[in-house]
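Visitor: Compute the structure for the input listed below.
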Amino acid sequence: MAVSTQDVTERDGEVKIIIMRDSSQYLARTAWVDLRISPVTASSPVDYIEPDVVRVYFAEGADSTSIVIPIVDDREVEENETFTVTIVDADNPIHATDTVTTVNIQSDDALIWIVQTPTQVIEGGIFNATVMREGGDGFDHSVHLNTNSDDAEGATAEVDFDVVSMLVTFGANEYSKVIPIQTYEDTEIEDLESFRVSISEPNEVIDLTRDSIIVDILDDDSLIGFDQILYEVTETTGSDTDVQVSLTRGGDLSNPVTVYLSTVEINGAQAGSDFSPLVNMPVTFQANAATVSQDITIEADGTPEFDEIFQVIVRSDTSGGLDDIDPNRSAANISVSDDDSGSFRFDDTAYSVDEGVGIFNARILRPGATAGYVTLLVTISPATATYPEDYRQEEVLVEFAPGQDEATVSIVIVADNDIQEGDETFVMSLTVQSQFGTVDPDYDEATVTILDSTSVFSLSTNSPTVVESDPGYVEITIRRSGSTNTDTFVSLRTVDGTATHSGDFQGFNIKTFSFPSGTAELTFRIPIDDNDFEEDEEETFSVYVLSEGGQVIQDSRLIITIIDDDGYFFFVPTSNEDREDGIVTYRTSEDSGTVSIKVQRTGNANGYGSVRATTTDYSAEADDDYQPLNGRVISFRPAITTAEFNVDIVNDDNPENDESFFIELSLAQNGVVIEPRKALVIIESNDGRIRRAGPLSGTAIIGIAVGVGGLAIIALIAGIACFLLLRRAPVPRKPPLPRGPGPVPQYGIPLDPRITGINPYQYQQRVAGYYPY
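Guide: Purely as a prediction, here's the structure:
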């Protein structure tokens, strides 16, 4: 037989018996054996069903075979029962050993009932129905508990008492359950009312003589009862201890009252060995006293055992009367926790451990009693840490031998140093797995913090917005969080935005900063370029932390904003047609006396600013045609964006063509000069233009001769001379500039030799004088 003893519960429904053979010379053939199934304390077919066939066969090559025997779940509370299975014969000579298997049928049935006392409750109070279990040790059992209108005896459901319908479940080592049932206060004068509490469940064994109880609801009165229905006490190792129970009363307190206390064995606790019994112990309320107390001695037996319960009851006389006794408080349960195996606890409720430690060890202590073997289960549950990424066990068994007062639980910690995740936690919970021993409720859980050994870097600055010229840099702080107990480094990169590293700031592709052990932050500066060209009022660039592979970590970006503090000065044309090729044109008449010129400032206009204006001759000459400007200062007050100034024009009487001169802006203060920085001023002549003379008519010559009379010959000679002189060319005011191929000069304005490919019409449409650039 495979085993000599085999356990099975009634709930299992069957037991499988395995028969082995180990001789290699017979494995190649089939074989059979005969079995005899014999009752011991179990019998067939009450406890098990004997199979029709008791001969079993071995297949070719098989070293084992089996037989299944049905087990009867008889729904009776009884002791464990046994029967045997024996090898009695075979088809060939055999040498048999271990020929008997004893099957132990464990009874898993329990008898469940409702405690029949007390049966009264004060109106508006809570009636505590106690459900008890006997037998079925080590198994769970459940019954339904009900109160409803159909079971009511005079009382009305949901008016006088609460309707309860619930499943009452006993754990493997639980033997009593207290179910509170609320009654309701009313103002009506009424007779005694009652309701029924009952239990039912087809799958459990219920004591039909105690499956229900009638509860009487009493009007309020000066009744006496225990101040609580459950007292808990722990047996003290080596010495007896006391549990104090208290009785209370209300109403008229003027007279002394004596009541009687007795103890009752109800669940495991035994009078004389576990507690000192009380039998009609008189307890007296003194006059005007609302409370009286009595000590009950709990005896230290030094034997590991289950928690036990006994009951103390109060009666109005030694015959068990309940006059003036609150039936809902006439009994109290005393729960005695055994401490002979000791109480177990973690040595702390919070631990911290470095991620790279490898193994974390926590101490479990057993202060006080150390009798017996005890097995504890440590359950590891995730909080922010996860299994198995951060730790490698979910359950660990810890065993204590008799006399052992300390043990260690070891947990493997995973070092994921390449992941930036911050500190993480898991929780250890301690429970007792053996029959005896308790856990200290204040130290039954402990939180373990895994300290992240990875450094996490972030960027910050006191001023993410910086003015271009003041202070001329941005100061950035690199902060290191997480582990700081090692030397490390971090790399940064600047990335252009609307601001560029080629003219707005001094950026870098990769820059590495070293962090020695213990260093939590470093500060560095990025210079800002104070340029003088036109740009947006605000420009930005970014600074990133790089990963180990040199990639930008997107959520590590720090954005820096550069405020442009430049003002921009330029000429303002009078119309769109007066600006071309970066030059603004102004026109004025020679007799106007002045020409008004407008300069505009954009960009930063918060402070004072200025720009200088200087004139340059072109075809017009300084002093003769206009009053020159030699760096005249054009000033702007704060917030002023436009300024005008005048240039005086000289009105002469000389016949001449239109003339022009230039004005140019330069030497700006608190700003820069931008296009259009040059203006062309055209002075339109009002004295008549110089033009070529045509041939003299005969009539003109005769008139001259007649007019001068006798001077005809002299006049004729002079006229001819004038005529010849005028035909040659107009007299220029100054020598013309050398010119290459191009149009004939107009308005007496010489052409610049750089003009090519332009016809006279286009030239005349552009301007009455060439203005370069």
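Visitor: measure stretch 317-335 end to end?
Guide: Length of stretch 317-335, first residue to last, Cα to Cα, to the nearest Å: 26 Å.
Visitor: buried residues in stretch 446-466?
Guide: Residues of stretch 446-466 classed as buried: 446, 448-457, 459, 461, 466 (neighbour count, 16 or more other Cβ atoms under 10 Å). (C-beta placed from N, C-alpha, C; glycine too.)
Visitor: er, stretch 296-304 actually
Guide: Within stretch 296-304, the residues that count as buried by 16+ other Cβ under 10 Å are 296, 298-300, 304.
Visitor: do stretch 492-505 as well
Guide: The neighbour-count check on stretch 492-505 (16+ other Cβ under 10 Å) flags 492-494, 499, 501, 504-505 as buried.
Visitor: Among those, which lie within strands?
Guide: Applying DSSP state E to the buried residues of stretch 492-505, the entries found in strands are 492-494.
Visitor: Please, which helix or strand holds Tyr260?
Guide: Tyr260 belongs to strand 257-267 when assigned by DSSP states H and E.
Visitor: where along the stretch 101-250 of the chain do the strands fall?
Guide: Ranges of strands within the stretch 101-250 of the chain are 110-114, 120-122, 126-135, 141-147, 164-170, 176-182, 193-200, 205-206, 212-218, 225-226, 230-234, 241-248, based on DSSP state E, counting those that start in this stretch.
Visitor: An error on my part: the question was meant for the stretch 301-450 of the chain.
Guide: 308-315, 331-337, 343-346, 350-354, 359-365, 374-382, 395-400, 406-412, 424-432, 438-439, 445-451.
Visitor: Direction included, what does the third one pair up with?
Guide: The strands beside strand 343-346 in its sheet (DSSP bridges) come out as strand 359-365 (antiparallel), strand 438-439 (parallel).
Visitor: ok now do Arg392, which residues does it touch?
Guide: 411-414 (Cβ atoms under 8 Å, 6 or more residues apart in numbering).
Visitor: and if we set it to 6 Å?
Guide: With contact set as Cβ atoms under 6 Å, 6 or more residues apart in numbering, Arg392 has these partners: Val412.
Visitor: re the thing from before, mean pLDDT and distance to Asp529 added to the strands paired with strand 343-346, as TSV?
Guide: As requested, the strands paired with strand 343-346 are exported to TSV (pLDDT from 0 to 100; distance: least, Cβ to Cβ, whole Å):
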stretch	mean pLDDT	distance to Asp529
strand 359-365	95	54
strand 438-439	88	70
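Visitor: Just tell me which of those ends up closest to Gly631.
Guide: Proximity to Gly631 (Cβ to Cβ) singles out strand 359-365 among the strands paired with strand 343-346, at 81.6 Å.
Visitor: Show residues contacting the closest one.
Guide: For strand 359-365, the external contacting residues (Cβ under 6 Å, 6+ apart) are 345, 347, 353, 398, 406-411, 413.
Visitor: Repeat the analysis, applying 10 Å as the threshold.
Guide: For strand 359-365, the external contacting residues (Cβ atoms under 10 Å, 6 or more residues apart in numbering) are 342-348, 351-354, 376, 378, 391-392, 396, 398, 400, 405-413, 428, 430, 439-440, 443, 446, 448, 450.
Visitor: Just the buried residues from those residues, in ChimeraX please.
Guide: Restricted to buried positions by 16+ other Cβ under 10 Å, the ChimeraX selection for those reads:
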select :342,343,344,345,346,351,353,376,378,391,398,400,407,409,411,413,428,430,439,443,446,448,450
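Visitor: Show me the buried residues of stretch 296-304 that map onto strands.
Guide: Judged by DSSP E, strands contain the following of the buried residues of stretch 296-304: 296, 298.
Visitor: Next, name the residue at the spatial heart of the protein.
Guide: In the chain, the centroid-proximal residue (Cα atoms, centre = their mean) is Thr384; its distance is 10.0 Å.
Visitor: so what's the nearest residue in space to it that is not next to it in sequence up against?
Guide: The shortest distance from Thr384 to any non-neighbouring residue, by Cβ to Cβ, 6 or more residues apart in numbering, is to Glu424 (4.5 Å). Neighbour list for Glu424: 355, 382-386, 389-391, 416, 448-452 [criterion: Cβ under 10 Å, 6+ apart].
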